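Fold the following and give me the result.
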Amino acid sequence: MSVKIRLQRHGKKGKPFYWVVAADARSKRDGKYLEKIGTYNPNTNPATIDLNIDSAVQWLHNGAQPTDTARAILSYKGALLKHHLDGGIRKGALTQEQADAKLAAWLEAKSGKVDSKKEGLTKVQADVRAKALKAEKEVNAKRLAAAAQAEVEATEEVVAEEEGVSEEEVVAAEEVAVAEAPAEEVVAEEAPVAEVATEEAPTAEETPKAEENNETTEA
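Predicted structure coming up:
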């Protein structure tokens with residue numbers, strides 16, 4: 001029976017989650033499997049891989065063939081290196097202690113690279129958050145400035161309207177004063193006429209004297 005180490009898809013639509021399994025090459029991709037040896041989550045950065053290295057190496061020893069993606073995962077976790085070192089031990093080229101030391105050194109170096117990548121990603125994420133926060137503050141400041149400007153303009157419009165009403169009232173008062181002015185002048189002009197009429201009218205004392213003079217002349 002031909003065995004393959006491959007990925008079996010799980011998870012939601014748009015968020016796949018894979019199992020690393022050893023399965024019969026004739027079975028369906030998501031069908032029955034012989035053993036689940038790990039998981040692979042590509043939704044995180046970096047991707048999260050959990051692998052049982054000993055089980056994976058044992059299947060490799062038994063002749064299982066990994067797919068391209070599964071091979072990359074096995075290489076990333078050191079399973080292929082361990083399989084290679086075990087071959088050297090069987091041939092007598094290496095002792096178990098030497099193989100273990102080489103594998104430990106490789107895993108430590110790999111862990112350092114992964115941690116460095118995580119730190120870099122964390123720094124990038126922090127920079128992105130800082131830029132987003134700065135941009136949000138600038139937008140909020142512009143909104144506050146625009147609101148303050150709108151309030152000032154509204155206040156100026158109200159003041160302008162009040163001043164406009166006051167000017168109209170003043171103009172109306174002036175027009176009323178101008179309209180009343182000619183009537184006073186007419187009254188002032190008619191006053192001398194009354195005085196002339198008064199001067200021309202004879203007094204009560206002057207009338208009897210005139211009559212007495214007339215009587216004396218007739219006698």
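
Tell me the secondary structure of the residue minimising distance to the centre of the chain, please.
Nearest to the geometric centre of the chain sits residue 136, at 5.5 Å (CA atoms, centre = their mean). Under DSSP: H, G, I helix; E, B strand; the rest coil, residue 136 falls in the helix class.

in the chain, what secondary structure element scores lowest on mean pLDDT?
Here the helix or strand of the chain ranked lowest by mean pLDDT, DSSP states H and E is helix 206-218, holding a mean of 48.

and the residue nearest to the centre of the chain, what does it touch?
Counting by CB atoms under 8 Å, 6 or more residues apart in numbering, residue 136 makes contact with nothing. Glycine gets a C-beta too; all of them are placed from N, C-alpha and C.

how about the helices of this structure, start to end?
53-61, 68-77, 79-91, 96-200, 206-218 (DSSP state H).

Output the contacting helices and strands for the first one.
It refers to helix 53-61. strand 3-12, strand 15-24, strand 35-41, helix 68-77, helix 79-91 (3 or more CB pairs under 8 Å, 6 or more residues apart in numbering; DSSP states H and E).

For the shortest one, list every residue counted as buried.
Neighbour counts using 16 or more other CB atoms under 10 Å place 35, 37-40 of strand 35-41 among the buried residues.

which one of those residues sits closest to residue 96?
Among the buried residues of strand 35-41, residue 37 lies closest to residue 96 (CB to CB), at 22.6 Å.

Give me the residue ranges of this protein where confidence is low.
Low-confidence segments of the chain (pLDDT under 70): 1, 121-122, 159-219.

is it true that residue 51 touches residue 72?
No. Using CB atoms under 8 Å, residue 51 is not in contact with residue 72; the gap is 11.7 Å.

Between the two, which has more neighbouring residues?
Per other CB atoms under 10 Å, whichever of residue 51 and residue 72 has more neighbours is residue 51, with 19 against 14.

Give the closest residue to that one in space, chain neighbours not counted.
Once flanking residues are discounted, residue 51 sits nearest to residue 38: 3.6 Å by CB to CB, 6 or more residues apart in numbering.

residues in contact with residue 41?
17-18, 47-49.

Please pick the buried ones from the residues you listed.
Buried, going by 16+ other CB under 10 Å: 17-18, 49, out of these.

wouldn't residue 61 be in contact with residue 86 here?
Yes. The criterion here is CB under 8 Å, and residue 61 meets it with residue 86 at 7.0 Å.

Tell me which of the two has more neighbours.
residue 86 (18 against 12).

who does the nearest residue to residue 66 once chain neighbours are set aside bridge with?
If the residues on either side of it in the chain are set aside, residue 66 comes closest to residue 5, at 4.1 Å by CB to CB, 6+ apart. Going by DSSP bridges, residue 5 is paired in beta bridges with residue 22, residue 66.

what's the distance between residue 5 and residue 25?
10 Å (CB to CB, to the nearest Å).
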